[in-house]
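Participant: A structural model of the following input is requested.
(one chain, ligands or ions: 1)
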Amino acid sequence: MTDHRIAAPLLPGATIGMVGGGQLGRMFALEARRMGYRLIVLDPGTDTPAAQFCDHHIRAPFEDLNACLELARRSDVVTLEWENADVSTLRAMGEHVQIHPSPDVLEVAQHRVREKDAARRLGVLTAEYRAVRSKEELEAALAEIGAPAILKTARMGYDGKGQATIRDAAEAGAAWEELSREGDDFILEARVPFWMEVSVICARSASGQTACFPVSENEHRRGILHLTVAPARVPDEIAEEARRVATALAEGLGVVGLLAVEMFVDADGRILMNEIAPRPHNSGHHTWEACGVSQFEQQLRAVCGLPLGDPALLRPAAMVNLMGEDAGTGLGRAGVARALEIPGTALHLYGKHEARAGRKMGHLTVLADSADEAARRARRAWERIAAGG
Ligand code: AMP
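Facilitator: Numbering: from 1, shown residues only. The predicted structure follows:
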């Protein structure tokens, strides 16, 4: 393969190609524009969040090789906000342009078994797990791991989709019936009785410089992130270990760009990796207001070969997602003005026209003098939008 390593940084005026045009791409686009870069987005949608702010939108499915090659040819570097593009297509693009993170990293991040194999190889703890491809393999894996366990599709799972909890051996058949339609490649994981869910976003540049954002504490509802609090309310040793794990994974996988690492903290204070995402992450949205650099600017700096920015948290923050089922994200924006009465509250809406249940429409970030107070205010602000007034 041709070596397109960035010897000198790509400076403002250069064109960045972005695979995916959702809200992560939109916030990246805002930062890229602010810094004087050009941006081309590849996304199949008609009015996608990122396309509203980019210089050019190649409207095509991610499977369209010609469209992907067009993006590669027209860009000085390609990065992504959606990690499930076909790896062979990305490799073909890599003949024309540097892709950060690399197709090798994406191949790992696209598959839950490969992800956990890589973590174990790098000395990072995970829940017990087995690869599963048939009902017989599921039963054998369950006998080894024990219940309760969670069966997940190995690919394309996000926001709790493609998962079935197995509370005892008798439920294995039903779980298989439910999920086997969604793929042919699965993972069975022991259910971790976690004390807290946390995440760390680690940036790594081509020169090997790394920088972690402070640890986020995450609360999910029905498998979807609801609230993030930063800094996570954990002892310093746990925060330190979480950052060490994220850095070890970013370095061990050779990531250039961002690596978001979701982790469980168990009752003994041990950290177990749950999953990785080689891109900006929902649990890092507060960095926009709360840190010395946003995760989106940090991604841009890493993939352009610029020095990384300062990820330090300037003020405690909490971020709450606004979903399609929250009344205020729909027509009339009921409750938005009342939410903004709460001190320190910032509103982000992603420009999605249709509010559907389960769809991320925007988020609120609330800054305060303590993590507790930020979390309290974020919940109050969210209640006003969710209730529509
Ligand atoms: P995931 O799509 O793997 O991030 O799962 C979504 C959410 O389901 C996680 O954030 C956890 O709240 C829960 N979950 C997933 N896997 C496990 C596990 N092995 N043990 C306990 N909870 C889990």
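Participant: just checking, I342 is part of a helix?
Facilitator: No: I342: not assigned to a helix; according to DSSP: H, G, I helix; E, B strand; the rest coil it is coil.
Participant: what's the nearest residue to it if we skip its chain neighbours?
Facilitator: A381 (4.7 Å; CB to CB, 6 or more residues apart in numbering). No exception for glycine: its C-beta is placed from N, CA and C like everyone else's.
Participant: Return the distance of R222 relative to the ligand.
Facilitator: 9 Å (CB to the nearest ligand atom, to the nearest Å).
Participant: Ok, H281 next?
Facilitator: In terms of CB to the nearest ligand atom, H281 sits 11 Å off from the ligand.
Participant: Likewise for L42?
Facilitator: From L42 to the ligand the distance is 25 Å (CB to the nearest ligand atom).
Participant: Report how many residues lie close to that residue.
Facilitator: 32 (other CB atoms under 10 Å).
Participant: ok, now which ones touch it?
Facilitator: 17-21, 58, 60, 62, 67-68, 71 (CB atoms under 8 Å, 6 or more residues apart in numbering).
Participant: what's the lowest-pLDDT member of those residues?
Facilitator: Note: of the contacts of L42, the lowest pLDDT belongs to F62, at 94.
Participant: what about that one, which SS state?
Facilitator: What three-state DSSP gives for F62 is coil.
Participant: same check, this time on N66
Facilitator: Classified using three-state DSSP, N66 is helix.
Participant: Please name the nearest non-neighbouring residue to it.
Facilitator: Closest residue to N66 apart from its sequence neighbours, by CB to CB, 6+ apart: A60 at 7.9 Å.
Participant: so the one you found touches A67, yeah?
Facilitator: Yes: in this structure, A60 is within contact of A67 by CB atoms under 8 Å, at 3.4 Å.
Participant: can you tell me how far the residue nearest to N66 sits from the ligand?
Facilitator: 28 Å.
Participant: ok, now R333?
Facilitator: 29 Å.
Participant: tell me, how many neighbours does that residue end up with?
Facilitator: Neighbour count for R333, taken as other CB under 10 Å: 15.
Participant: cool, and E63?
Facilitator: For E63, using other CB under 10 Å, the count is 11.
Participant: that older thread, pick the one among the contacts of L42 closest to T46.
Facilitator: G21 (10.3 Å; CB to CB).
Participant: And the pLDDT at the closest residue to that closest one other than its chain neighbours?
Facilitator: Once flanking residues are discounted, G21 sits nearest to D43: 3.1 Å by CB to CB, 6+ apart. The model reports D43 with a pLDDT of 97.
Participant: Show me what the mean pLDDT comes to for stretch 262-277.
Facilitator: 97.
Participant: nope, stretch 175-183 is what I was after
Facilitator: Rounded mean pLDDT across stretch 175-183 is 89.
Participant: got it, and stretch 210-225?
Facilitator: The average pLDDT for stretch 210-225 rounds to 96.
Participant: then it to CSV, C-alphas only?
Facilitator: Taking Å, rounded to 0.1, in the frame of the first residue of the first chain, the C-alpha atoms of stretch 210-225 are listed here in CSV:
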residue,chain,number,x,y,z
THR,A,210,-1.8,10.9,23.7
ALA,A,211,-4.3,12.9,25.8
CYS,A,212,-7.3,11.6,27.8
PHE,A,213,-10.3,13.6,28.7
PRO,A,214,-11.3,13.3,32.4
VAL,A,215,-13.4,10.2,33.2
SER,A,216,-17.2,10.5,32.5
GLU,A,217,-19.8,8.7,34.7
ASN,A,218,-22.6,7.4,32.6
GLU,A,219,-26.3,6.5,33.3
HIS,A,220,-28.2,4.5,30.6
ARG,A,221,-31.9,4.1,30.1
ARG,A,222,-33.1,1.1,28.1
GLY,A,223,-29.5,0.7,26.8
ILE,A,224,-29.2,4.3,25.6
LEU,A,225,-27.1,6.9,27.3
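Participant: quick one: T165 and R191 touch, right?
Facilitator: Yes: at 6.9 Å, T165 and R191 qualify as touching, with contact defined as CB under 8 Å.
Participant: These two: who's more crowded?
Facilitator: Taking neighbours as other CB under 10 Å, T165 and R191 compare with R191 leading, 16 against 12.
Participant: what number of residues lie near the closest residue to the ligand within the stretch 1-150 of the chain?
Facilitator: Shortest the stretch 1-150 of the chain-to-the ligand distance, computed as CB to the nearest ligand atom: residue-wise this is A127, at 4.4 Å. Neighbourhood size, A127 [other CB under 10 Å]: 20.
Participant: G388 too?
Facilitator: Neighbours of G388 using other CB under 10 Å come to 16.
Participant: contacting residues around the residue nearest to it when sequence neighbours are not counted?
Facilitator: Closest residue to G388 apart from its sequence neighbours, by CB to CB, 6+ apart: A327 at 2.9 Å. A327 sits next to 334-335, 385-389 when contact means CB under 8 Å, 6+ apart.
Participant: mind running it again at 10 Å?
Facilitator: 333-335, 355, 384-389 (CB atoms under 10 Å, 6 or more residues apart in numbering).
Participant: which of the residues you listed count as buried?
Facilitator: 334-335, 355, 384-386, 388 (16 or more other CB atoms under 10 Å).
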